[in-house]
Structures are given as structure tokens and as C-alpha cells.
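S.K.: 3D, please:
(3 chains)
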Amino acid sequence: MIALIDASNFYVSCERVFSPRLQGLPVVVLSNNDGCAIARSDEAKALGISMGQPWYQIRHFQQTHNLVALSANFPLYGDVSDRIMTLAAGLGPTQEIYSIDECFVLLDGVRGDLADRARRVRARILQWTGVPCGVGIGSTKTMAKIANHVAKAAHRKPGSYARELAHVCDLGNMQPAERAEILTATDVGEVWGVGRRYAMQLREAGIYTAHDLTASDPAIIRRRWGVVLERTVRELQGFRCIGLDDAPAAKQQIACTRSFGHPVQTLAALTEALAAFATRAAEKLRAQGSNAGQLLAFTHTSPFREGPSYSGSLVIPFRRPTADTRELVGAAGLAAHRIFREGFDLAKAGVMLMDLSPASREQHELQLDDDRYSTARDQRLMAAMDCLNERYGKGTVQSGSVGTAKQGKGWTMRQERRTPNYTTEWAQIPVVRA
DNA sequence: TCTGGGGTCCTAGGACCC
DNA sequence: TCTGGGGTCCTAGGACCC
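M.R.: Residues are numbered from 1 along each chain as shown, chains lettered A, B, ... in the order given. Below is the predicted model:
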């Protein structure tokens, strides 16, 4: 069996731990720039507020229903998440941390009443962190997901499922008829791997519930929807197709992108933003021990607003893969100059690092290189920079960016004169849509 | 005025090669 | 009437996840 432990309304629950006055009130946590709702309390959901709904559409609830809106505090959520994951790991021998608020735990070989065990772990998480969780148990990941949905809905929406299933639902320890009844009561759109698009198409094909999907022919599903949905059907039928991943692979790309609070209209502002994104992306890159072979920078106007629209992006390949903030910031600065266009309200920009490779292999190659000394020195410099920024806060030490030597809150490293690692001749022509 | 920020996987089609 | 048949690599686009 596999268990899925999932924190309820995670960001809101974290906030409530530190502000108990929020209990019982409708609460939302807002995204960057307070743009839209990315977490909702049960009371906020009851108001009809949906995931990702823009703030300006729901702000009137502040007056009419005492809605409380909070700006996201991701360092706090990460901290609470770490503690929950440690406690959840006690449920079984192998854990896969799937996202900031949920993990799978493999229960193969665990003896005794699994639901009972799950209830004790859930109680411990609630007691020690203050965050309520739902636990679902099933024979596959997809079934565990459904069980988790049942556990939460049975609590939140009385009448949807039997009351005993609230908080902890074990679909593995159940008579087939009882399980079928639960799947029949579950909309096909609730199945993991079935999004809005597929749900619509499945309904048109006469498949309305999780039970209908379980009873469908995998071959037919594959022909029409592809191998991914076929796997989902087989998982519903009890065959494990999606393995537990307890040591997630290094990321294949690393992105840092943001919408701007105010439209960006100058090259200096765009350069500064892209330099900041490249700096952050470089930290993530080094944290997973990789080097980047290419940097992509993009910017575009708002797709939601009238007026002239523009979208520009540029890929810059590196001569040799790098994790050096100064080189990445330098490339981002070059890209900023190339993709900037006068006369547009830029709404968003970002940096993506691609073509990632393990740093160890790269270091090995560099040892054969003639600038071995400076390479070792550069790596120590980057390590020192990460260390300072972790201890004293983001942006304490930054790399100077091309064009704008804006002072950070601490010190700014002088950009050295050195041969650029990137090759401008190879840089792809910006993709421009005006 | 005001609409998040990350990721993954699969497929189809074109270029190119032998 | 009727153009060879595979193979690989790359990219764009579409679907999904939290």
C-alpha cells in the first residue's frame, strides 16, 4: 500500500499557527504582488473563491464577509513543511516528498492496521506543528490520491462521503463493493492526471466518474488520449505504473520569473530585474550541484491588457557550462539589451537555465584545463557568496550587473574584466512578436 | 488599477543520415 | 498512378501537476 499525506489549505494553515485569530475566518494567501489567491481556507472556498482567482475580483469580500488576505511568506511555509515531512516519514520506510505540502509513503511491509497508524501520525503532526493533514491509503499512487481526496472531502463536505472516512481513508482495506461505491461518488475530474481538458472530453465520451474510468478499456483510452492517461487507468485498476521516487533527480531546468508590480518601461529596470533573476537562479543551480549550458531570458507585456503587445526572448549558449553568478548575470545583462524594446509596458520577465549538467563532471574536465587555479578560486568565491546570503539574507552580496551597478543592501562585487564565456555570435535571434 | 511561479512528460513533425 | 525504409535528434505545442 501507498499513503499520501497532504496538508490542508497549507499556506493558510501555516499562517493560522502563528495568528490563531484567523481560525474560523475566511482567509486567502496571495501570490507575488498580491496578484491572485494561491491558498484558501475552507471558509474562503465556501464563498466561492477559486484557486488562482485575481484579488481584485474577490476583495469586496473583505467588507461583506470579513475576508482576510495575506501576502505569501514562503520561508515560513518551507520551514513548517520540513517539520511536517520529518514527522510524516515515520509512517513507513520510504518517503517521496512530492511538493511543499504533500508526500507519499510506501507502506509495503508495514504490519498492523494502517489506518490506525496513519491516524496516530496525523495526530502527531497536528499536535507538533498545528497543521491539519489528510491521509489517503491505496494500492497505487493514483488510488492514494483518491483516498486523500475522500479523506478531506468527507470532513469538509458532510454528505459527500461516509463520516468515518474523514481525515484518514484507507481504500486498500475495504470490500470491493464499498470501494466501487466511493469511486462512483467521485467525479472523474478529481482523478490525479485528469485535468479540465481531459475531464470534458471524458464526459463527452460517457465517462463521468472515477468508477467509469476504472472500468474503461486502457487500450481505447491510450488510442484517444495517449499513454499518460492509459497509465492512470491502469493505476486505478490496481497496477503500479508510477513508482515511488525517494531521491528525486536533479532538475533539468531552473527558472526564476516574476510578474512586475508596476509596468517596466526602461532598459535599466529590465536589466536590474534580469540580473536579480539570474542571481537567484544561479543559487538554485549551485544548490543542486549543476552547471548551465544555456541561459534563456524573456520579457513580455501583459496578455490581459489592451495596448501594444510585445514578447521577446533570447537564448545565450555558454562556451563552457557555468554556475558562476557573474557569468550568468553578465549573460542576462546582454540579453536585456537585446530583448528590450522602447515604448511597451512590460509585465513580466524571467531567466531560465537550461542544458544542465552535473558540476562534478564539469570540474573534472576543468582540472585538465589550463585555468585550473582561477576555476578553484571562482568556486570558493561562489560558495562564500551563497553562505553569506543564506546567513545574512538574500541580496547581502550580489554581483554587479552589466550597465547598472546598483548598490544592494550590502556589498556589490566589482565586475571583473574577463573574456565573456558566452558567444554572442551563436545567440539566437530574439523571438519577437509585436 | 488589478490575473503566480514553478515544474514534468508526451507527441508530432521536420531535418538529416545511411 | 502510386516516390524506400529506418533511425536519431531537435523543437514546438499541449496536456498535466502543485
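
S.K.: which parts of the stretch 201-350 of chain A are strands?
M.R.: Shown for the stretch 201-350 of chain A, the strands assigned by DSSP state E, counting those that start in this stretch span residues A:254-264, A:290-301, A:311-322, A:346-358.

S.K.: where does the prediction get shaky in chain A?
M.R.: Low-confidence segments of chain A (pLDDT under 70): A:360-378, A:385, A:390-395, A:398-420, A:422-434.

S.K.: center of it, which residue is that?
M.R.: Closest residue to the average C-alpha location of chain A: residue A:99 at 6.9 Å, with CA atoms, centre = their mean.

S.K.: what is that one paired to in the beta sheet?
M.R.: Listed by DSSP bridges, the beta-bridge partners for residue A:99 are residue A:102.

S.K.: for residue A:301, give its distance to DNA strand B.
M.R.: As judged by CB to the nearest atom of the strand, to the nearest Å, residue A:301 and DNA strand B stand 11 Å apart. The way it works is simple: take the backbone N, C-alpha and C, and place the C-beta from them, glycine included.

S.K.: just grab the bridge partners of that residue for me.
M.R.: Here residue A:301, judged by DSSP bridges, has bridge partners residue A:346.

S.K.: residue A:307 is in contact with that one, correct?
M.R.: Yes. Counting by CB atoms under 8 Å, residue A:307 is a contact partner of residue A:301 at 7.3 Å.

S.K.: neighbour count winner among the two?
M.R.: Taking neighbours as other CB atoms under 10 Å, residue A:301 and residue A:307 compare with residue A:301 leading, 21 against 10.

S.K.: can you put the strands of the stretch 201-350 of chain A in a markdown table and add distance to DNA strand C?
M.R.: Conversion of the strands of the stretch 201-350 of chain A to a markdown table gives the following (distance: least, CB to the nearest atom of the strand, whole Å):
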| stretch | distance to DNA strand C |
| --- | --- |
| strand A:254-264 | 13 |
| strand A:290-301 | 9 |
| strand A:311-322 | 8 |
| strand A:346-358 | 9 |
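
S.K.: would you turn the ones you listed into a markdown table with distance to residue A:133?
M.R.: Shown next, in a markdown table, are these (distance: least, CB to CB, whole Å):
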| stretch | distance to residue A:133 |
| --- | --- |
| strand A:254-264 | 29 |
| strand A:290-301 | 33 |
| strand A:311-322 | 40 |
| strand A:346-358 | 33 |
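
S.K.: just name the most buried of these.
M.R.: A comparison of the strands of the stretch 201-350 of chain A by mean neighbour count, using mean count of other CB atoms under 10 Å, puts strand A:290-301 on top with a mean of 23.

S.K.: the inter-axis angle of that one versus strand A:311-322?
M.R.: Calculated by axes from the mean of the first three to the mean of the last three CA atoms, to 10 degrees, strand A:290-301 forms an angle of 170 degrees with strand A:311-322.

S.K.: quick one: strand A:290-301 to chain centroid distance?
M.R.: A distance of 18 Å separates the C-alpha centroid of strand A:290-301 from that of its chain, computed with CA atoms, centre = their mean, to the nearest Å.

S.K.: for the spatially closest residue to residue A:264 that is not a sequence neighbour, give me its contacts.
M.R.: What sits nearest to residue A:264 in space, not counting adjacent residues and going by CB to CB, 6 or more residues apart in numbering, is residue A:346, at 4.2 Å. Residues counted as contacts of residue A:346 (CB atoms under 8 Å, 6 or more residues apart in numbering) are A:260, A:263, A:264, A:265, A:270, A:299, A:300, A:301, A:310.

S.K.: one more pass at 7 Å, please.
M.R.: Applying CB atoms under 7 Å, 6 or more residues apart in numbering, we find residue A:346 in contact with A:260, A:263, A:264, A:270, A:299, A:301.

S.K.: same thing with residue A:235?
M.R.: A:140, A:141, A:142, A:143, A:241, A:242.

S.K.: isn't residue A:185 right next to residue A:162, touching?
M.R.: No. Applying CB atoms under 7 Å as the test, residue A:185 and residue A:162 come out as separate, 9.7 Å apart.

S.K.: which neighbours do the two have in common?
M.R.: When CB under 7 Å, 6+ apart defines a contact, no residue borders residue A:185 and residue A:162 alike.

S.K.: phi, psi of residue A:146?
M.R.: Note on residue A:146: its backbone torsions stand at phi -60, psi -40 [degrees, to the nearest 10].

S.K.: contact residues of the stretch 51-200 of chain A facing DNA strand C?
M.R.: Within the stretch 51-200 of chain A, the positions near DNA strand C by CB under 7 Å from any atom of the strand are A:98-102, A:145, A:191-199.

S.K.: picking that back up, just checking: which of the contacts of residue A:235 also lie near DNA strand B?
M.R.: Applying CB under 7 Å from any atom of the strand to the contacts of residue A:235, none is adjacent to DNA strand B.

S.K.: with these in mind, which one is nearest to residue A:129?
M.R.: Nearest to residue A:129 among the contacts of residue A:235, counting by CB to CB, is residue A:141 at 24.2 Å.

S.K.: list the contacts of the closest one.
M.R.: Contacts of residue A:141 by CB under 7 Å, 6+ apart are A:2, A:104, A:235, A:242.

S.K.: that older thread, weed out the non-buried ones from the residues of the stretch 51-200 of chain A next to DNA strand C.
M.R.: Of the members of these, the ones counted as buried by neighbours, 16 or more other CB atoms under 10 Å, are A:98, A:100, A:101, A:102, A:145, A:191, A:192, A:193, A:194, A:198, A:199.

S.K.: for the residues you listed, give me a markdown table that also has distance to residue A:219.
M.R.: Putting those into a markdown table (distance: CB to CB, whole Å) gives the following:
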| residue | distance to residue A:219 |
| --- | --- |
| A:98 | 29 |
| A:100 | 37 |
| A:101 | 36 |
| A:102 | 31 |
| A:145 | 23 |
| A:191 | 19 |
| A:192 | 21 |
| A:193 | 17 |
| A:194 | 18 |
| A:198 | 17 |
| A:199 | 21 |
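
S.K.: returning to what we had before: out of the residues of the stretch 51-200 of chain A next to DNA strand C, which touch DNA strand B?
M.R.: Counting by CB under 7 Å from any atom of the strand, no member of those is near DNA strand B.

S.K.: find the nearest non-adjacent residue to residue A:179, please.
M.R.: residue A:171 (5.6 Å).
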